[in-house]
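> Curious how this folds, go ahead:
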Amino acid sequence: MKNINLFIFFILLLAALQLSAQVGIGTTNPVPSSALDITSTNKGFMPPRMLLSNRNAIASPGEGLMIWCTNCGVYGQIQVYNGVIWTNLLGGNTAGVPVIGDSDGGGKVAYILQPGDPGYISGEVHGFIAAASDQGAGVQWGCLGTYLGGTSNSLGSGQANTSIIVNGCGSPNIAARLCNDLVLNNYDDWYLPSKDEVEKLYFNKVAIGGFADNTYWSSTEDISVTAWGLNFSSGAGNNFGKNNLYLIRPIRSF
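Residues are numbered from 1 along each chain as shown. Reported below is the predicted structural model:
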């Protein structure tokens, strides 16, 4: 019955469009220059939502056709067909399914979760974005001699690790605090990556770009006087004194 009612609604809507120059939804006074005026103060217009593969399967798209591509870029994207190619709302090139090294989400796509990774969801694209450049010329991990506890090595734990450090260590200008307080390209949810996340940065360092041949801190604590870092020249990781001055590359999740 619901499908029948919906069908009847669209038939009536099409009839109204044919019989009248204007149709108003939510208003009895549509804007004179409009063919369709949808008025609301608490709802929006939802274009068809589809995967990039579905969009590409549209036969002979009409000029002005609009869709929401759910897996284009790191957050999805409105796309419009201009009669020749699909464009974004600014008329530029559309985003595709994100790949490592893409500029998006305030930085560079650094890793895309794979089956078996913590947080992986089949059919969805998630991962983390790295700032496009290092933040700070060399900083301490912080709180030498104090064991904070509770940090993890694993993918997806960097944000929680950073919160543990920031809440447990009051020292200013330490690695985790600089990441936590960072506002970059309008994003303010950056954090210091965990051990496993730093290893992904190293593995994809060429595609991401901008790394120095130096050691980068992770948010993974070892004991009261050491925390884990990775040398991006040799690829060797180790636990280093928390008072050492090393580089940081903040990341954020998508």
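
> need the contact list for the residue lying closest to C72 once chain neighbours are set aside.
In space, and not counting its chain neighbours, C72 is closest to A95: 4.6 Å by CB to CB, 6 or more residues apart in numbering. Using the backbone N, CA and C atoms, a C-beta is placed for each residue, glycine as well. The contact partners of A95, taken as CB atoms under 8 Å, 6 or more residues apart in numbering, are C69, C72, G73, Q77, N88, D102, D104.

> What of G229?
Taking CB under 8 Å, 6+ apart, we find G229 in contact with W141, V198, T215, Y216, W217, S218, G237, N238, N239, F240, N244, Y246.

> swap the cut-off to 7 Å and go again
Contacts for G229 (CB atoms under 7 Å, 6 or more residues apart in numbering) come out as T215, Y216, W217, S218, G237, N238, F240, Y246.

> Save those residues as CSV, and put in distance to I165, pLDDT and secondary structure too.
Listed next are the contacts of G229 as CSV, based on distance: CB to CB, whole Å; pLDDT from 0 to 100; DSSP: H, G, I helix; E, B strand; the rest coil:
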residue, distance to I165, pLDDT, secondary structure
T215, 18, 98, strand
Y216, 15, 98, strand
W217, 10, 98, strand
S218, 11, 98, strand
G237, 18, 98, strand
N238, 19, 98, strand
F240, 15, 98, strand
Y246, 15, 98, strand
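
> can you pick the most crowded of those residues?
In terms of neighbours by other CB atoms under 10 Å, the contacts of G229 top out with W217 at 31 neighbours.

> got a pLDDT number for the nearest residue to that residue once chain neighbours are set aside?
Nearest residue to W217, sequence neighbours excluded (CB to CB, 6+ apart): A175, at 4.4 Å. Per-residue confidence (pLDDT) for A175: 98.

> Same check on L14?
On the pLDDT scale, L14 gets 56.

> what's the answer for G142, then?
Per-residue pLDDT puts G142 at 98.

> Give me the neighbour count for the closest residue in space to it that isn't next to it in sequence.
In space, and not counting its chain neighbours, G142 is closest to I174: 3.1 Å by CB to CB, 6+ apart. By other CB under 10 Å, 23 other residues sit near I174.

> Likewise for N71?
20.

> List the contacts of it.
Contact partners of N71, counting by CB under 7 Å, 6+ apart, are L51, L52, V97, V125.

> do L52 as well
Contact partners of L52, counting by CB under 7 Å, 6+ apart, are C69, N71, C72, G96, V97.

> Over to W86?
Q79, T94.

> Can you tell me how far it is from D213?
For W86, the distance to D213 equals 41 Å [CB to CB, to the nearest Å].

> Report the separation between M46 and S157.
35 Å.

> quick one: which of these two has more around it?
Using other CB under 10 Å as the criterion, M46 and S157 rank with S157 on top: 22 against 7.

> Look at the more buried one and report its pLDDT.
pLDDT, read off for S157, is 98.

> re earlier: does the residue nearest to W217 touch Y191 like I think?
No - assessed by CB atoms under 7 Å, A175 is found out of contact with Y191, at 10.4 Å.

> what about those two, which has more around it?
Using other CB under 10 Å as the criterion, A175 and Y191 rank with A175 on top: 29 against 25.

> what residues are up against that one?
Taking CB under 7 Å, 6+ apart, we find A175 in contact with V139, Q140, W141, G142, L192, W217, I248.
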